[in-house]
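Q: Just to be clear, the model below is a prediction. Sequence and coordinates:
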Amino acid sequence: MKPSRHARNNMRLYDISEKEIIDTIRSPDYIEKIGTKVTVHKIFPNRFSGFPLKVVYEEKDEIFIITAYPLKKTYRR
């Protein structure tokens with residue numbers, strides 16, 4: 001797993017651990033794939049005020065994390 005500079009900054013800003021990102025990628029509550037980019041959401045009940053963590057990444061030779069941040073509202077589809 002290799003995070004972008006933007007993702008590393010968001011990890012610091014929102015206090016997101018690498019383990020939370022890995023958990024979100026491995027067992028997401030929501031998945032959307034567009035081309036090479038994959039968007040996943042996972043709810044951590046005791047974190048981020050109950051809102052889901054959103055991770056956007058690309059899978060090539062290794063997983064490249066584009067961004068990660070907690071959503072400010074619930075996602076309904």
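A: Perfect, thanks for sending it.
Q: So, low pLDDT: which residues of this structure?
A: 73-77 (pLDDT under 70).
Q: Show me where it has its helices.
A: 5-13, 18-26 (DSSP state H).
Q: Make TSV from those helices and add mean neighbour count and distance to N46 to it.
A: (C-beta placed from N, C-alpha, C; glycine too.) Converted to TSV, the helices of the chain look like this (neighbours: other C-beta atoms under 10 Å; distance: least, C-beta to C-beta, whole Å):
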stretch	mean neighbour count	distance to N46
helix 5-13	14	18
helix 18-26	16	11
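Q: any chance of the ones you listed in TSV, plus distance to P52?
A: Output for the helices of the chain, formatted as TSV (distance: least, C-beta to C-beta, whole Å):
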stretch	distance to P52
helix 5-13	14
helix 18-26	9
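Q: who wins for proximity to I43 among the ones you listed?
A: Checking those against I43 by C-beta to C-beta gives helix 18-26 as the closest, at 9.6 Å.
Q: got a list of contacts for the closest one?
A: Here helix 18-26 makes contact (C-beta atoms under 8 Å, 6 or more residues apart in numbering) with 1, 3, 11, 40-42, 44, 47, 53, 55, 57, 63, 65, 68.
Q: tell me the angle that helix makes with helix 5-13.
A: Note on geometry: by axes from the mean of the first three to the mean of the last three C-alpha atoms, to 10 degrees, helix 18-26 and helix 5-13 are set 120 degrees apart in direction.
Q: phi, psi of the residue of the chain positioned farthest from its centre?
A: Most distant residue from the mean C-alpha position of the chain: D61, 18.8 Å away (C-alpha atoms, centre = their mean). Dihedral pair for D61: phi -70, psi -40, per degrees, to the nearest 10.
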